[in-house]
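Asks: sequence plus predicted model, see below.
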Amino acid sequence: MNATDPAAPPVLHLTRVFDAPRDLVWLAWTRIEMVLGWWGPVEWPAVKVEQDLRVGGAWRACLRSPEDGRTLWQGGTYREVVAPERLVYTFKWDSDDHEDGVPVDTLVTALFAELPDNRTHLDFTHAGLKSAESLAGHRHGWTSTFARFDAWLARQERNR
């Protein structure tokens, strides 16, 4: 499941380029009012976010299905907060009604690099996933979330 060690837990690695300056991308990941505009996949957008943005501080988010109103809570603890370039935090579902089953702590690392023309490169890793099914589910969730983020950034640009 892991290219370097088949017995190791799966790791999701994604890269994206966002058409926005790194400072805006950083703020969008670290300010609750901005996070609420794009966090979560299209089927499960965030409806509540709490965060204590400091090393050792906690974060939580509630995702809600627009289809049937069900909710999923996720949360963790910040391990590294280096503005505007690095955000590392644990990630865990609150309950076992998710494809992961019994929740486990995983680790998200988001690296933000400034590119020419006011663009930002994201190097994103979600490590410690439980299974190939979990990897596939998180790949879909994060890919959908980043598509929502692209759309949110485009709206910000239009409103400037």
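Replies: Perfect, I can see it now.
Asks: is the nearest residue to I32 once chain neighbours are set aside bridged to anything, and to what?
Replies: Computed as CB to CB, 6 or more residues apart in numbering, the closest residue to I32 that is not its neighbour in sequence is V49, at 4.9 Å. For every residue, glycine as well, the C-beta is placed using N, CA and C. Under DSSP bridges, the beta-bridge partners of V49 are A61.
Asks: V49 contacts L63, correct?
Replies: No - look at V49 against L63 with CB atoms under 8 Å: they stay out of range, at 10.0 Å.
Asks: mean confidence (pLDDT) on stretch 135-154, please.
Replies: Averaging pLDDT along stretch 135-154 yields 96.
Asks: contacts for that stretch next, please.
Replies: 1, 10-12, 14, 16, 18-20, 24-25, 28, 34, 37-45, 98-100, 122, 124, 126, 129 (CB atoms under 8 Å, 6 or more residues apart in numbering).
Asks: what about stretch 11-26, distance to the chain center?
Replies: 11 Å (CA atoms, centre = their mean, to the nearest Å).
Asks: just stretch 142-160 next, same as before
Replies: 14 Å.
Asks: list the buried residues in that stretch.
Replies: W142, S144, T145, F146, R148, F149, D150, W152, L153 (16 or more other CB atoms under 10 Å).
Asks: and which of those residues is nearest W93?
Replies: W93 has its nearest neighbour among the buried residues of stretch 142-160 in W142, at 14.1 Å by CB to CB.
Asks: contacting residues around W73?
Replies: Per CB under 8 Å, 6+ apart, neighbours of W73: R60, A61, C62, L63, W93, D94, S95.
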